[in-house]
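J.: got a predicted model here, sequence first, then my questions.
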Amino acid sequence: MNPAQNTPTHGAVAALRAKTSSTRLQAAMAVGMHPDPRVVTVLVQRCAVEPDFFVRDMLTWALTRLPEAVTLPRLVAELTSEHAQARSQALHTLSKINNRSVYPSIVGTLLRDPDDEVARTAWRAAVVLVPDGQEKALAAKLVTQLGRGDRDVWLSLSRALVGLGEAVMPALAAGIASSETRTREHAHATLLLLEDPDAEYDALIEEAGRLAARTADPVGEEEEPLC
């Protein structure tokens, strides 16, 4: 395939592989300004390897300018890539396109992806794309990840759960009743964030630790610090 050969985007497509990020950024912008369905594969492939965040975001914008009939199948296929960045960027782009038909492809193993960045992107995308009436079911899936990772991972999951609003309450109640200390702490922190979305998260974690200690297993378990 020689995408966009002899079109205004031909030179820009070639420049997506330039050494300097500023040149690649301008190239991605140029491709987006002249949408051509023939470049979809090149854009998706570049998303998987592009090291610069701003260029990746521009590539996503360029993809959103193409017909969904072209982009959606290609992006959904990328969700099973062996490369974490490919999965993460495809999820991000799908959330920007905002077509809920892809939701079933997101709420399976991607919510539990072993790569934290992929999982965090999947959580955000799922909250954006969840169909009406399925918020509680999504919350039940998300709370299985409570206690995972470091502070930034905790915050990402808490924000995703808060994005579901009151529908998250039954799932959080289950988390608060967990026998796992970190799960209880994370559930409490999320509930506190739901009550005060503008609160400082580190302070909420501190308070959550105190609340979780009150519901500790009577037999007792060693408290694990959040790393």
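T.: Great, that's in hand. Just so it is clear, the model here is predicted, and its values are computed rather than measured. Numbers count the residues shown, from 1 in each chain.
J.: in the chain, what helix or strand scores lowest on average pLDDT?
T.: helix 10-15 (a mean of 85; mean pLDDT, DSSP states H and E).
J.: mind listing what's buried along that one?
T.: In terms of neighbour count (16 or more other Cβ atoms under 10 Å), helix 10-15 has its buried residues at His10, Ala12, Val13, Ala15. Backbone N, C-alpha and C define where each C-beta goes, glycine included.
J.: same thing with stretch 23-33?
T.: Of the residues in stretch 23-33, those buried (16+ other Cβ under 10 Å) are Arg24, Leu25, Gln26, Ala27, Ala28, Ala30, Val31, Gly32.
J.: what's in contact with it?
T.: 8-9, 12-18, 39, 43, 46, 50, 52, 54-55, 58-59, 61-62, 65 (Cβ atoms under 8 Å, 6 or more residues apart in numbering).
J.: out of the residues you listed, which are buried?
T.: Here, 16+ other Cβ under 10 Å leaves 9, 12-13, 15-16, 39, 43, 46, 50, 55, 58-59, 61-62 buried among these.
J.: tell me the one among these nearest to Leu129.
T.: Taking Cβ to Cβ as the measure, Leu129 sits nearest to Trp61 out of the buried ones among the contacts of stretch 23-33, at 18.2 Å.
J.: just give me the residue closest to the centre of this structure.
T.: What sits nearest the mean C-alpha location of the chain, by Cα atoms, centre = their mean, is Thr121, with 1.1 Å.
J.: so it touches Ser88, yeah?
T.: Yes. Between Thr121 and Ser88 there is a contact at 4.6 Å, judged by Cβ atoms under 8 Å.
J.: just the element for Met29, please.
T.: Per DSSP states H and E, Met29 falls inside helix 21-33.
J.: over that helix, what's the mean pLDDT, rounded is fine.
T.: Confidence for helix 21-33, expressed as mean pLDDT, is 96.
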